[in-house]
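In: pasting the structure only:
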């Protein structure tokens, strides 16, 4: 039977006879006669597409509902058969309108559906009861195969009698078996029958359609805590193929189907589910497209234009964390972001703000990252120790079934249009940290691996937390010694905060009281005056980001220009006096950072232009963060006095062992101590040379190896 041969998966045919004929007539009346006002929607769309050689028709199920509820019920009950009926009728109607009389000359019209009538079905709820049904699903594409050609009409020839036959194929991933016996009728009783399995396919004579297989993952914000994200396989054909790349957020309309897994060891009776895509709705800038009600919009505008909106938002950022007001303000501007600009020559200026929290343990850095993961409309949280370059950017994998290489997006691709929170940033390997340079500034990820050359979008803000080299920030050492990051990565952060656990009796009492109150009232929902709830703040952030794009006013521009020149001049004087370059540079990137921060402050109040007041606050934030971090721990004249000693020790170390040789660190320190060099200063120079890549540690950090 058909079940045993694997040809029948589910049976839900449209009733034959009179009912099929009435459905055909009803579809014809819909395509020919549905109109909105004086416009015949689908007749005009068919004519436009046919004349531009685009042989498809997009049908809105809401229009079908307005025209005939019974027709919509048939589509929802029997989507596969009704799609075939729609395509057959659309081909006829298009041929009649374009005066193509011969069936052989008519172009096949592909029909796609779109609908917003129902909420998307979570991927976790897909099961056996949905097989064969029409459903909407939403998520993020993480894998896409190259385009393949799938035959829609097979033509094959008998090896024995040379007779040719044609057979339409089944849609999706379901295979179509060839007949095992020759179908040609015998001309005489004495004629020898053709052997079993006589047919060979004629590839050049078949009719094909583009097909692409994709993998859809549920959105990161929809994954329950501690759970693995769910995936579902998709197949898109014709005009729907090659529309989605890894990292794209979309809502799909499709048929939940099943097919037989073609691989060794697969159980014969078990079917693998997949979704046959019938319609695609892309989301804007990679984020979920929320539909705000009129009441919500009025409420958001009232909050934005109300008094002290900036203070209300800051008070709503991680209220369980005591103090850290400046960091909360930085997090607020990161969540709202600046304005992305697309220049006429095609260059793109990023609007996303990157923030680095650097300093002592126990200062609630990780808790701040966790809160941002909850409140950002799109967010991905990852830890530096468990993250590789491929996991953060993108990886090339071999598809186990087709053995072809496919592209799979990493954390920064999945968070496109949102925030990536990277904890333990200092624990990442240097080569992995370098991999995100392009993603942080150009906001793209370029791939050239295994024959795949492409560019993925990663329009994300980065919020990173790291400890200093010594675990705690050492005020007796300058920033160069406390920070092991290279200048190239530090210049990509708009705001850099040095978070110190300072001892102050009054502050410690307030902190202890706050923490203990949080523990006492952990199960209560305290009402704080002026605070916004997390769900409201999340929607408000999304509303402001999608509806407002402030630009600089002339007065704000002039103030920013003069201040940037003054900052550069002050930094040059400091470097000249200390005779050393700053670990945190002040470049044109920092000027753009000031612009982005000022735009984010204007965006909170839904103002179209950045004012001088916004620039003043942006400059103040920049001074208490990045500029304070650049000047932290500098020893002034003492450092200048030490510089000569450092250069002498470095010269002796380079004389002591040649490039490519090894020496025990303890032996090196002892030898230089015999020459009356300060042991602490020697270790300091070794640390500097390690950071510059001139030396490397080997054999459990006991031996030094000279690289250059």
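Out: Received, thanks. Every value quoted in this text rests on a predicted model; they were computed, and no experiment measured them.
In: what ranges do the helices span in the stretch 501-650 of the chain?
Out: Chain-ordered helices for the stretch 501-650 of the chain, with DSSP state H, counting those that start in this stretch as the definition, fall at 505-520, 534-547, 554-578, 588-604, 612-622, 628-631, 637-656.
In: among those, which is nearest residue 308?
Out: Evaluated over these, closeness to residue 308 peaks at helix 588-604, with 10.7 Å, by C-beta to C-beta. To be clear about C-beta, it is placed using only N, CA and C from the backbone, and glycine gets the same treatment.
In: got any ranges where the stretch 401-550 of the chain has weak pLDDT?
Out: For the stretch 401-550 of the chain, the stretches with pLDDT under 70 are 401-404, 406, 450-451, 470, 474-481, 504, 521-530.
In: quick one, what contacts the residue nearest in space to the middle of the chain?
Out: Closest to where the C-alpha atoms of the chain average out (C-alpha atoms, centre = their mean) is residue 414, at 2.5 Å. Neighbouring residues of residue 414 by C-beta atoms under 8 Å, 6 or more residues apart in numbering: 140, 142, 217, 220, 247, 380.
In: which element is residue 28 on?
Out: For residue 28, the enclosing helix or strand under DSSP states H and E is helix 18-33.
In: Who are the packing partners of that helix?
Out: In terms of contacts (3 or more C-beta pairs under 8 Å, 6 or more residues apart in numbering; DSSP states H and E), helix 18-33 is packed against helix 41-51, helix 69-77, helix 79-97.
In: List the buried residues for the shortest one?
Out: Buried positions in helix 69-77, judged by neighbour count with 16 or more other C-beta atoms under 10 Å: 71, 72, 74, 75, 76.
In: picking up where we left off before, columns distance to residue 682 and pLDDT on top of the contacts of residue 414, output as CSV?
Out: As requested, the contacts of residue 414 are arranged in CSV below (distance: C-beta to C-beta, whole Å; pLDDT from 0 to 100):
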residue, distance to residue 682, pLDDT
140, 52, 84
142, 50, 80
217, 52, 86
220, 48, 71
247, 49, 72
380, 43, 82
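In: Residue 81: which of those residues is nearest?
Out: Taking C-beta to C-beta as the measure, residue 81 lies nearest residue 217 of the contacts of residue 414, at 30.3 Å.
In: Backbone dihedrals for the closest one, both of them.
Out: With angles defined as degrees, to the nearest 10, residue 217 sits at phi -110, psi 140.
In: now it, which residues is it bridged with?
Out: The partner list for residue 217 in beta bridges (DSSP bridges) reads residue 140, residue 231.
In: Between helix 69-77 and the helix holding residue 28, find me the angle.
Out: With axes from the mean of the first three to the mean of the last three C-alpha atoms, to 10 degrees as the basis, helix 18-33 and helix 69-77 are set at 110 degrees to each other.
In: who touches helix 18-33?
Out: 14, 40, 42-43, 46, 57, 64, 67-68, 70-71, 74, 82, 85-86, 88-90, 92-93.
In: How far off centre is the helix or strand that it is followed by?
Out: Elements were assigned by DSSP H and E; along the chain past helix 18-33, the next helix or strand is strand 35-36. Taking C-alpha atoms, centre = their mean, to the nearest Å, one finds strand 35-36 lying 39 Å from the centre of the chain it belongs to.
In: So which other helices or strands are in contact with strand 35-36?
Out: By 3+ C-beta pairs under 8 Å, 6+ apart, strand 35-36 packs against no helix or strand.
In: what are the pairing partners of that strand, and which direction each?
Out: Strands adjacent to strand 35-36 in the sheet, as given by DSSP bridges, are strand 39-40 (antiparallel).
In: Name the residues that touch the strand it pairs with?
Out: By C-beta under 8 Å, 6+ apart, the residues outside strand 39-40 that reach it are 32, 33, 34.
In: Could you double-check that the last one lies in contact with residue 60?
Out: Looking back up the chat, that one is residue 34. No - in this structure, residue 34 sits apart from residue 60 without contact. The criterion is C-beta atoms under 8 Å, and the distance is 9.7 Å.
In: measure stretch 177-195 end to end?
Out: 17 Å (C-alpha to C-alpha, to the nearest Å).
In: residues in contact with it?
Out: Taking C-beta under 8 Å, 6+ apart as the criterion, the residues outside stretch 177-195 that touch it are 5-7, 154, 156, 158-161, 163, 165, 167, 196-199, 201.
In: ok, and for it, which residues are buried?
Out: For stretch 177-195, a neighbour-count test (16+ other C-beta under 10 Å) marks 182, 184, 194 as buried.
In: for those, which one is nearest residue 483?
Out: Each of those was scored against residue 483 by C-beta to C-beta, and residue 182 proved nearest at 78.4 Å.
In: Excluding chain neighbours, what is closest to that closest one?
Out: Taking C-beta to C-beta, 6 or more residues apart in numbering as the measure, residue 182 lies nearest to residue 194, with 3.7 Å between them; neighbours along the chain are not counted.
In: That neighbour: what secondary structure?
Out: coil (DSSP: H, G, I helix; E, B strand; the rest coil).
In: For it, give its distance to residue 180.
Out: Plainly put, residue 194 is 11 Å away from residue 180 if you go by C-beta to C-beta, to the nearest Å.
In: and residue 455, how many residues sit next to it?
Out: Using other C-beta atoms under 10 Å, residue 455 has 13 other residues around it.
In: Quick check, it in contact with residue 445.
Out: Yes - the pair residue 455 and residue 445 passes the contact test of C-beta under 8 Å, sitting 7.0 Å apart.
In: Read off the pLDDT value for residue 631.
Out: Per-residue confidence for residue 631 comes out at a pLDDT of 68.
In: Same question for residue 261.
Out: Reading off the confidence values, residue 261 has pLDDT 65.
In: Please name the nearest non-neighbouring residue to residue 616.
Out: Distances taken as C-beta to C-beta, 6+ apart put residue 559 closest to residue 616, at 7.9 Å, once the chain neighbours are dropped.
In: ok, that neighbour - contacts?
Out: Applying C-beta under 8 Å, 6+ apart as the definition, the contact partners of residue 559 turn out to be 612, 615, 616.
In: and what of residue 590?
Out: Contacts were defined as C-beta under 8 Å, 6+ apart; by that measure residue 590 touches 491, 494, 564, 567, 622, 626.
In: Looking at those residues, state which has the most neighbours.
Out: So for the contacts of residue 590 (other C-beta under 10 Å), the most neighbours sit at residue 494, 31 neighbours.
In: I'd guessed it sits against residue 352; true?
Out: No - with contact taken as C-beta under 8 Å, residue 494 and residue 352 are classed as non-touching, separated by 9.0 Å.
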